[in-house]
Every structure is written in C-alpha cells, then in structure tokens.
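Trainee: Attaching a predicted model along with its sequence, questions to come.
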Amino acid sequence: MADAASRLRSLAEQVLGTPLPVRVRAWDGSQDGPPEAPVLVIRNRRALRRMLFKPGELGLARAWVAGDLGIEGDLYSVLEAMAGLVWERGEDARSLVQAVRDPEVRAAVRELLKLAGPPLPPAPPQEEVRRPRRRLHTRRSDKRAISHHYDVGNDFYEVVLGPSMVYSCAYWEEAGTLESAQRDKLGLVCAKLGLKEGQRLLDVGCGWGSMAIHAAREYGVSVIGVTLSQEQAAYARKRVADEGLTDRVEIRVQDYRDVTDGPFDAISSIGMAEHVGAERYLEYARLLYALLKPGGRLLNHQIARRPQRDESAYEVDPFIDAYVFPDGELAPVGTTVTQLERTGFEVRDVESLREHYARTLRRWVTNLEADWDRAARLAGPGRARVWLLYMAASALAFERNRIGVNQVLAVRPPESGLSGLPLRPRTWQG
C-alpha cells in the first residue's frame, strides 16, 4: 500500500489526540513527519498488530524485542519524546476500541486495524516470561525469576558491565572511568559498614563476586556470598580462586532465607532487595536482623519509586515484569526505612545516588552499542534489544526523577545503645 507512513501518522495522531513527536518510516519505504526528528521504523505490519492488540508499553516492547520496530537516530531522544505518550499515561488502553467514545477516534482505530492486516495477534517474542498465575516470592519462583534475568550468559554481561562486573549503581567523581566508579562504590559500601580485618560479612545477592572479593582483599574480612544464579556463582568462584581468596570467600547458590550460620559483623545487600517483594519485605528485614551481631551494620542499596497517593494502586511496570525482572517490585524509600525500623534496626544514614545510576546506565548502554554484534550473538538479538531498551529507558527515568536509588545504612542496636558509628559519619572513617 502506497504511503503507509502518512496514513499511520495521521491515524495515530487521531487516536492519541496529539502530534507524534517522531518521524515515521513504514514497511513500504514511505516516510512522514518532521525531517529533523528521530525516525521510528515500522518494519512490517506485524509491528502494528502487536501495538494494536496490546496497546501501550507492552505492545511497543513486543514489537521492539521482536525486531518489528526500530529506531534511527538517538535512542534517548525517541524514548524522551514518547514518554508522554506511553509511559507517563500508563497502560490504560487494554480495550482501546471500547474505551474511546469519540466516533472519529473509533473510525481511526478501525482504519489502523485494516492497515495492520489479518486480525490475528502475533505470539509474544520468546524472550517474554510466560507463567501461570501463582504465589509470588516463594523460593521456587524467586529462583526462576533470578535465573531469567542473570543466567543470560556471563560473556554477555562482560560486554555490558565491563571488567568490574558490578551490576548496580557506580559512585562517580566528575571525571573517571566506569571501572574506577564501581571500585569507589564498593569502597563506599565497605567504609559505611566499617569493615575490619577478621570480621565476617554476608553479601546477599553477591552477583559475580565483586563486592565479596573487594571486601576480602582490601579489608581482610571473611565473606559468605549468596546468589540464586548458577552462572553467577560459577563465575564468582573462578574469580575468587584467581585472586587467591578461597580461604576468605565462599560463594553459595543459596536463598538468603536459608542462611543459618550467623552471626555476621556486617551484611551488604546491593541491588537485591528489589526482588524481595512487598509482602516479603518485613520477613527479609527480620532475617537479616537476626543474622547480625548486636552492633552489626546493614548496608541496603535499593532502587526506589516515588510514592503514590493510593499505594494500593501500584502496579509493576509491564515491560520490566515481562522481560527484565519478573516479579520485581519497587517501594518508596520511606517504606523501606519504615520496614527496617519495624524490625528493630536503627537507620543511621540514607544517601541518594540517583544521578549516579543515570550515568552508570548510560555507560552500560555505550558498552552494549559499541559491541552490539558480539552481544547479540552471545545472548540473541531479542535479549540484547531487551537490555538496550531497559537500560536506556531506566537512565532517563533516573534523570527525570521518576525513580531513585538509595543506600540505607542501619545498625542492629546493642543493649548499650551505642551505634559504633563516628559522630560525623559522612567522613566514613569507621
């Protein structure tokens, strides 16, 4: 069909009630829209069917992951331009034709359906999590969710994360490399925990072992690192052996709920608590409290969302849930602090690293784009597209203050009430 782009653009603007902020290129080679704008490439009619049968974020994500939808130009610009049309409106259009009352809009939707071709919704891409309704955050379901996210291939993560192999927010100076910023973050965590030679550290969600290795090598502590990912554990154990630290670092494939060999002097939980879930968070806090010695410290490094007027209306982001972190949940930082305090912890410090995470994510995107062919070969093109979209969109979300990330330092108070922290803790000399 000739000039599909102009028809698509006109009909889409009728449905959305606002001009499209991007240029459109359709499967017939036609283009329409501002010449200077980034280009949204609709490679086939299947892309249109995906977006019509699942309006909103998830339909767009399916088209992107499947390769039916592409972008020419700056990815961040397109995501920024589309944010107001999709992400900030919410996915309230499950039944778009029934939801709209304007006859002209209904007519536009019918025309889009005709343009899309045979009215059969395409199957979701294979990268999408398929699961029956079940109870969340059991040991079995958490292991599946972690495996989906982390057992993608260590070589793929090496491309994205670089030599540090740290998959959490770095701690930046104005200038510096990703590796130096990640090293500084690990140092910051160790300093906040007040680690000293001979102490025991539990690293919950230890990833590829970077925190455990840094703490053992630089501070002389003994470390137990736990993860639910077989691939992470194998990689971390090799790194520990290569560093000559097998006498001080043990990496386990173990649920944090099954750790029984406390007490520990300190616990680090870096980028793990997002997987715990609201209904399990108090249990998480109580278990960590029980594993600490009196006077022991917990450093909880966790992504946070903004609070809602009606917290019961919170829903997990559909793209993140389907493709990135199945069953992951974000909570406001105030909720996290409250739950820790309900357990008995004394919260001593809360530090926001929101801008630091935005910069970290942009570096990971740069790494992925710079070695795209290898990354796509290692994890598959669909999976690579998932990570590219996820990290770029997340960078913008941090920059726009839609989400944040915080380090919460808490102490299990001893009977004496002494926290053991310096009077001016931000020097972090303890």
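Mentor: Nice, thanks for sending it over.

Trainee: what packs against the lengthiest strand in the chain?
Mentor: When the chain is scanned for its longest strand (criterion: DSSP state E), the result is strand 292-305. With contacts defined as 3 or more Cβ pairs under 8 Å, 6 or more residues apart in numbering; DSSP states H and E, the secondary structure elements packing on strand 292-305 are helix 178-193, strand 264-270, helix 333-343, strand 403-411. Backbone N, C-alpha and C define where each C-beta goes, glycine included.

Trainee: Go through those and name the closest to Arg49.
Mentor: strand 403-411 (31.1 Å; Cβ to Cβ).

Trainee: and that closest one, what's its mean pLDDT?
Mentor: Across strand 403-411, the average pLDDT comes to 98.

Trainee: Would you mind getting the angle between it and helix 333-343?
Mentor: In this structure, strand 403-411 runs at an angle of 20 degrees to helix 333-343, with axes from the mean of the first three to the mean of the last three Cα atoms, to 10 degrees as the basis.

Trainee: quick one on the thing from earlier: tabulate the helices and strands packed on strand 292-305 (JSON lines), appending mean neighbour count and distance to Asp321.
Mentor: As requested, the helices and strands packed on strand 292-305 are exported to JSON lines (neighbours: other Cβ atoms under 10 Å; distance: least, Cβ to Cβ, whole Å):
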{"stretch": "helix 178-193", "mean neighbour count": "21", "distance to Asp321": "27"}
{"stretch": "strand 264-270", "mean neighbour count": "25", "distance to Asp321": "22"}
{"stretch": "helix 333-343", "mean neighbour count": "17", "distance to Asp321": "19"}
{"stretch": "strand 403-411", "mean neighbour count": "22", "distance to Asp321": "15"}
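
Trainee: Take the ones you listed and write them to a markdown table, including distance to Arg23.
Mentor: Shown next, in a markdown table, are the helices and strands packed on strand 292-305 (distance: least, Cβ to Cβ, whole Å):
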| stretch | distance to Arg23 |
| --- | --- |
| helix 178-193 | 33 |
| strand 264-270 | 41 |
| helix 333-343 | 39 |
| strand 403-411 | 29 |
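
Trainee: between the ones you listed, which gets nearest to Pro163?
Mentor: The closest approach between Pro163 and any of those, judged by Cβ to Cβ, belongs to helix 178-193 at 5.6 Å.

Trainee: Now do that closest one and strand 264-270, the angle between them.
Mentor: 140 degrees.

Trainee: Dump helix 178-193 to CSV, restricted to CA.
Mentor: Taking Å, rounded to 0.1, in the frame of the first residue of the first chain, the C-alpha atoms of helix 178-193 are listed here in CSV:
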residue,chain,number,x,y,z
LEU,A,178,33.2,3.1,34.9
GLU,A,179,35.7,0.7,36.5
SER,A,180,37.0,3.4,38.9
ALA,A,181,33.5,4.5,39.8
GLN,A,182,32.5,0.9,40.5
ARG,A,183,35.6,0.4,42.7
ASP,A,184,34.7,3.6,44.5
LYS,A,185,31.2,2.3,45.1
LEU,A,186,32.5,-0.9,46.6
GLY,A,187,34.8,1.1,48.8
LEU,A,188,32.0,3.3,49.9
VAL,A,189,29.9,0.3,51.0
CYS,A,190,32.8,-1.2,52.9
ALA,A,191,33.5,2.1,54.6
LYS,A,192,29.9,2.5,55.6
LEU,A,193,29.9,-1.0,57.0
